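*Asks:* below: sequence and its predicted model.
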Amino acid sequence: MFAVIKTGGKQYRVVPDDVLEVGKIEGEVGSIVQLNEVLVVGGDTPVLGVPTVAGASVAVEVLDHKRGPKVIAFKKRRRKNSRRKRGYRDEITVLRISEILTDGAKPTKGPRPKKEKVAKEPATEAAE
């Protein structure tokens with residue numbers, strides 16, 4: 001089963017366990033958020049929305065908030081000693097698709113448990 005969702009003015013084709021980067025959305029890291037703008041729900045019998053599918057949503061887990069790559073806008077007017085350099089970085093949210101819901105269902109899966117980091121024991125010195 002797949003779905004086409006719309007967020008941040010862009011459309012994404014998603015399946016469960018996909019990881020994608022979208023424009024910043026509200027939500028704490030590790031929480032489950034529902035995206036309600038579902039345009040298509042596919043599978044054995046695809047359902048097209050007009051403009052969205054009624055009662056359909058996609059449950060996503062917020063993995064991280066970060067900033068995208070630097071974009072530089074440089075303008076130069078030749079022979080005028082006129083230059084302007086501007087730059088910015090987009091705010092990005094990293095999401096994992098947990099499940100695709102239809103008929104107004106609520107999410108059943110919670111956030112995945114984080115993997116614990118195993119601390120390495122300091123090496124003991126050789127006997128002198």
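*Replies:* Structure received.

*Asks:* spatially nearest residue to Thr108 (excluding sequence neighbours)?
*Replies:* Closest residue to Thr108 apart from its sequence neighbours, by Cβ to Cβ, 6 or more residues apart in numbering: Glu99 at 7.0 Å. In short, each C-beta sits where N, CA and C put it, glycine included.

*Asks:* state the distance from the closest residue to Pro51 other than its chain neighbours to Asp17.
*Replies:* Taking Cβ to Cβ, 6+ apart as the measure, Pro51 lies nearest to Leu39, with 7.0 Å between them; neighbours along the chain are not counted. Distance, Leu39 to Asp17, using Cβ to Cβ, to the nearest Å: 20 Å.

*Asks:* rewinding a little: which SSE is the residue nearest to Thr108 in?
*Replies:* Assigned by DSSP states H and E, Glu99 falls within strand 82-101.

*Asks:* what strands line up against that strand, and which way round?
*Replies:* Neighbouring strands of strand 82-101 in its sheet, by DSSP bridges, are strand 19-23 (antiparallel), strand 57-77 (antiparallel).

*Asks:* give the buried residues for the longest one.
*Replies:* Along strand 57-77, the positions that meet the burial threshold by neighbour count (16 or more other Cβ atoms under 10 Å) are Ser57, Val58, Ala59, Val60, Glu61, Val62, Leu63.

*Asks:* again with the first one
*Replies:* Within strand 19-23, the residues scored as buried using 16+ other Cβ under 10 Å are Leu20, Val22.

*Asks:* which of the helices or strands spans the residue nearest to Pro51?
*Replies:* Element membership for Leu39, per DSSP H and E: strand 38-42.

*Asks:* show me what that strand pairs with in its sheet, parallel or antiparallel.
*Replies:* By DSSP bridges, strand 38-42 pairs with strand 2-7 (antiparallel), strand 47-48 (antiparallel).
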